[in-house]
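Asker: Predicted model follows, preceded by the sequence.
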Amino acid sequence: MSDLQLEQKIIEKFGKKKLEKAKEFPNNNLTLVLYERDPLKVRSIILENEREFHLIIDEEKGEIYHDCPTFLIYSEPEEKGCIHLIKLFLTIEASLSLDILNHFERFNLTSEDFGSNKKSTNYLLLAQECFNSDNDVEGLSYLNKAIISHTKCEPLIEQYLEKALQGDFLIEFFEFLSSAYENELDQFIQGYKKIIQKALRALNSSIKDYSYFNILKIIESLDKFFNYYDIASLDFSFEDFLCLTRSKDFKERYFGSYFILKYENKLIPRNHRYEKIREEINYQELKTQILARFFSEIDNLCMLDKLKMMRKHFDIFNIPKEKYMESYEAYKKEIKELEKKIYLKKFAFLKLLMKKYDVKKTKVNFRKKRNMYVASHQKENLENPAYLYIIRKIGFFGLNDATIKSSDLGINYFIIRELFLDDFTKMPDIFYYKNQYWAEEDYEIDAQDGLSLLRSSKDYTSNIDQKYVKNKEISLIEWDLAEKPRQGSIVNASGAQIIIPDQNNPLFHDLKPFDLCYIQKNPVKIKGDLIKSVNVISKCSFKDAIESVSEGISFIEGFYPLSLIRQIINKKISPFRANEIVSKNPNMQFVPQFNRFKKAFRSFLFEYINNNREYVFNELKKNPEENTKQIIILFNLTNEIAGLELNYSEMIKNLLNTQTDSKNFRSNFLNRVHSKIKSILSSNKVGATMVFDLKKMKHTPFIKYSKKIISIRKKEFETTQILKIYDEFDISEIKKTYYGEKFSRILNLNKDRISGNTLKKVQDFASKLNLKVNIKNNDDKK
């Protein structure tokens, strides 16, 4: 009940549109960092449009802190009620949220964070949670984000460097050093010479363990680091470099030779023996191997970033441009064309959804607002879940999904013109962005090209190896159509970060929107701290996904509401309420496999209810009037009482006054139904048998009363008179009988007086059922 009260309170305070928008906001995009109930203290981080926001409720201080634009711009408390805050209210316990809203005026709503202490604490708590769950890579990422204020940064810098070195996370170690100068932390790094030297020695002895791409990333980080840190001040091991340059392993020889050649002006004056290493390097052989590797990467359709990093080193190895530039430029064009094909595939999928789910092409009257446009979507389309899905995938956001950037309109132009009737020639900035990406090319979108993304997956098989279910290093993910395809992937997932699949995975080209997959838990950073890639292990069935979530596996939720499973197990929601949410989920209209998910989810619910019958019963009986239907389902009574329209709510309430446990509840309830039926049949009340549907009662224990019911119906019909008044017939009384009501409904007899012709029709129906019509002349009545 408190859930409904909470929603009503939110509508009263912030409006229905904001509530609906908050309910649509993805659960995964809100991460609870801290949740303490008495006094209430909630710390959370929210991801939206590739930006992180912090939201903190502190009951003891009487403060709500949030750093999103809505909170910052508006002054009135009700206006500050953004979808992030409402989503948090919907996430924590309803009673606690209600208490805050009932005393909302007591809270100071602020966006002030002196010294960024609030944000830093959030990241520190999240980092520690990751370290405690052996998710060290993510922990280091959040620890890095916690380093905001220079006044308190030194302990965190030391913790980061030591943690990264202890865990052999050298990529993260050197990346952190490289970013120190950009973040104005270089003055603090100078004091960690010993730990930096340890890391360099560890790197020299473990180069073989890293992929070539990761070696390139480490070199890039070290180059940035040595731009501000004096490489000559470090005590390098001459023997280590000698071993590296003489190694038969390409990665070791590459790394060692690069550093000798790159930093010879600083290393040789310090130790002239480095000159000997430089003279030993077989330049021609090394250049030949590097170029062969470069062209091999092109043949394998590697990421462009990898080639860019290799190309940066070519000057160091004295490789002339004419040896590679033509192939490199041709490959860049090829990759650009592949990116365009992915966008066109995405557009075809969206157009297919438009056709399949009756999305109307309408005029939305775009209005310019700085570097954005605001649209007025047609109400009919806004009520179509497929339309909402489509416009969000091309960049619409905000309240009513009305706002979109000019650049997004440009890059998505070919699907935009399929959706809207507006005159885009009056919006020149759209064509500027369109031409930037698509040049002068023009494409007609064919919906048939999107069919492969909508097809049923052959890999949704069940009974997968249970090692995945209980493996702490494995997570579950639902892929979605990417708003901005990255690294050649048409799918991604959104949680604490934006996740894309590793393109070297065999499943990469077979992943489709709404696919459920097991993945390796620790993602690999692609760009900044938000975009990361993961290795996909296997697709999985809904049955496996539900079992995995119930076993406690971490997951990134999409359109299949897997979080309900955890809520049911943690007793935060009733299984019946969860079933109602799934059954009424609007996304089921366009998510291809939703009905299969619903079937698997119901199987889980039945098993849960059977295993927790007493607990479920105790919860339901707290409000028998509201939970009558659920109690009937719980005791498997639906088929037993089929065809009976009785006041079960009152019956159950009275029964619970004498019986408080589930033992014998079913048999006692059925006994009460028997008593109620006998009472009805002995009442002699006209029309009382209308509550019985004999056809539906056929397979119930109450069919034994059928002869008595038929006899009563026949008797009441034949003893009830139809009064003849001049040339009309009054059927007001006969309509109160079971058969009279049926005939009236079939013949559409809305008035109480009918003509002789109409009476003839009633008599015809009655004769077919062997019923006599009792007509009394009463011509004196008017």
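Answerer: Here it is on my side, so go on.

Asker: Point me to the helix or strand that includes Gln159.
Answerer: Secondary structure assignment for Gln159, by DSSP states H and E: helix 154-166.

Asker: Buried residues in that helix, which are they?
Answerer: Neighbour-count burial for helix 154-166 flags Leu156, Ile157, Gln159, Tyr160, Leu161, Lys163, Ala164, Leu165 (criterion: 16 or more other CB atoms under 10 Å). In this view, the C-beta of every residue, glycine as well, is placed from N, C-alpha and C.

Asker: Reformat the residues you listed into JSON lines and put pLDDT next to each item.
Answerer: Below are the buried residues of helix 154-166 laid out as JSON lines (pLDDT from 0 to 100):
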{"residue": "Leu156", "pLDDT": "92"}
{"residue": "Ile157", "pLDDT": "93"}
{"residue": "Gln159", "pLDDT": "94"}
{"residue": "Tyr160", "pLDDT": "94"}
{"residue": "Leu161", "pLDDT": "94"}
{"residue": "Lys163", "pLDDT": "94"}
{"residue": "Ala164", "pLDDT": "94"}
{"residue": "Leu165", "pLDDT": "94"}
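
Asker: Now render these as TSV, adding distance to Leu634.
Answerer: Listed next are these as TSV, based on distance: CB to CB, whole Å:
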residue	distance to Leu634
Leu156	53
Ile157	58
Gln159	52
Tyr160	53
Leu161	57
Lys163	51
Ala164	53
Leu165	57
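
Asker: Contacts for the helix holding Gln159 next, please.
Answerer: 124, 131, 136, 139-140, 143-144, 146-147, 169-170, 172-173, 176, 185, 188-189, 192, 195-196, 198-199, 202 (CB atoms under 8 Å, 6 or more residues apart in numbering).

Asker: Likewise for stretch 190-206?
Answerer: 157-158, 161-162, 164-165, 168, 170, 173-174, 177, 189, 218, 229, 233-237, 240-241, 244.

Asker: thinking again about what came up before, following element in sequence after the helix holding Gln159, please.
Answerer: Counting by DSSP H and E, what follows helix 154-166 is helix 170-182.

Asker: Now do that next one against helix 154-166, angle only.
Answerer: Interaxial angle of helix 170-182 relative to helix 154-166 (axes from the mean of the first three to the mean of the last three CA atoms, to 10 degrees): 150 degrees.

Asker: tell me what the next helix or strand after helix 170-182 is packed against?
Answerer: Downstream of helix 170-182, the next assigned helix or strand under DSSP H and E is helix 186-189. Applying 3 or more CB pairs under 8 Å, 6 or more residues apart in numbering; DSSP states H and E, we find helix 186-189 packed against helix 154-166, helix 170-182.

Asker: Now render these as a markdown table, adding distance to Ser494.
Answerer: Formatted as a markdown table, these follow (distance: least, CB to CB, whole Å):
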| stretch | distance to Ser494 |
| --- | --- |
| helix 154-166 | 26 |
| helix 170-182 | 23 |
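
Asker: quick one: which of those helices is nearest Lys735?
Answerer: helix 170-182 (81.9 Å; CB to CB).

Asker: Give the buried residues for that closest one.
Answerer: Quick answer for helix 170-182 (16+ other CB under 10 Å): Leu170, Ile171, Glu172, Phe173, Phe174, Glu175, Phe176, Leu177, Ser178, Ala180, Tyr181.

Asker: just stretch 387-394 next, same as before
Answerer: Quick answer for stretch 387-394 (16+ other CB under 10 Å): Tyr387, Leu388, Tyr389, Ile390, Ile391, Lys393, Ile394.

Asker: Likewise for stretch 587-598?
Answerer: Result for stretch 587-598 [16+ other CB under 10 Å]: buried residues Asn587, Met588, Phe590, Val591, Gln593, Phe594, Phe597, Lys598.

Asker: what sits up against that stretch?
Answerer: Taking CB under 8 Å, 6+ apart as the rule, stretch 587-598 contacts 353, 356-357, 384-386, 389, 454, 456-457, 460, 514, 542, 559-560, 582-583, 585.

Asker: Between the two ends of that stretch, what distance do you get?
Answerer: 12 Å (CA to CA, to the nearest Å).

Asker: what helix or strand is Ile652 on?
Answerer: Per DSSP H and E: Ile652 is located in helix 648-658.

Asker: Determine the set of other helices and strands touching that helix.
Answerer: helix 628-634, helix 665-681.

Asker: list the helices and strands the shortest one packs on?
Answerer: So the one you mean is helix 628-634. Right, helix 628-634 is packed against helix 575-583, helix 613-620, helix 648-658 by 3+ CB pairs under 8 Å, 6+ apart.

Asker: How far off centre is that helix?
Answerer: 31 Å (CA atoms, centre = their mean, to the nearest Å).

Asker: Could you pull up phi and psi at Ile556?
Answerer: For Ile556, the backbone dihedrals are phi -110, psi 110 (criterion: degrees, to the nearest 10).

Asker: Count the residues that sit near it.
Answerer: Residues within reach of Ile556, counting by other CB atoms under 10 Å, total 23.

Asker: Assess the claim that it and Pro26 are in contact.
Answerer: No - using CB atoms under 8 Å, Ile556 is not in contact with Pro26; the gap is 9.2 Å.

Asker: so what sits against both of these two?
Answerer: The contact lists of Ile556 and Pro26 share Ser494, where a contact means CB under 8 Å, 6+ apart.

Asker: Now Phe53: which helix or strand?
Answerer: Using DSSP H and E, Phe53 falls in strand 51-58.

Asker: Tell me which of the helices and strands packed on helix 648-658 lies nearest to Tyr328.
Answerer: Across the helices and strands packed on helix 648-658, closest to Tyr328 is helix 628-634 (CB to CB), at 65.8 Å.

Asker: how about that closest one: buried residues?
Answerer: In helix 628-634, counting by 16+ other CB under 10 Å, buried: Thr628, Gln630, Ile631, Ile632, Ile633, Leu634.

Asker: With stretch 75-83 instead?
Answerer: Lys80, Gly81, Cys82, Ile83.

Asker: Stretch 268-279 now?
Answerer: So, applying 16+ other CB under 10 Å, buried residues of stretch 268-279: Ile268, Tyr274, Ile277.

Asker: repeat for stretch 503-517
Answerer: Neighbour-count burial for stretch 503-517 [16+ other CB under 10 Å]: Asn505, Leu507, Phe508, Leu511, Lys512, Pro513, Phe514, Asp515, Leu516, Cys517.

Asker: hey, what's the residue nearest to the third one when sequence neighbours are not counted bridged with?
Answerer: Nearest residue to Phe508 in three dimensions, chain neighbours excluded: Pro501, at 5.5 Å (CB to CB, 6 or more residues apart in numbering). Pro501 forms beta bridges with Val534, as assigned by DSSP bridges.

Asker: Model confidence score at Pro501, please.
Answerer: At Pro501, the model reports a pLDDT of 93.

Asker: try Arg273
Answerer: 76.

Asker: quick one on the thing from earlier: reformat the helices and strands packed on helix 628-634 as TSV; add mean pLDDT.
Answerer: Formatted as TSV, these follow (pLDDT from 0 to 100):
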stretch	mean pLDDT
helix 575-583	91
helix 613-620	87
helix 648-658	89
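
Asker: low-scoring stretches of the protein, by residue?
Answerer: 1, 238, 455-471, 496, 525-529, 660, 779-782 (pLDDT under 70).

Asker: and if we set it to 50?
Answerer: When residues are selected by pLDDT under 50, those of the chain lie in 459, 461-462, 781-782.

Asker: okay, now the domains of it?
Answerer: The chain breaks down into these domains under automatic domain parsing: 2-112, 333-452, 455-611, 615-682, 720-777.

Asker: Among these, which comes closest to Gln289?
Answerer: Of all the domains of the chain, domain 455-611 sits nearest to Gln289, with 21.6 Å by CB to CB.

Asker: now the closest one, how far from the centre of its chain.
Answerer: Per CA atoms, centre = their mean, the centroid offset for domain 455-611 relative to its chain is 9 Å.
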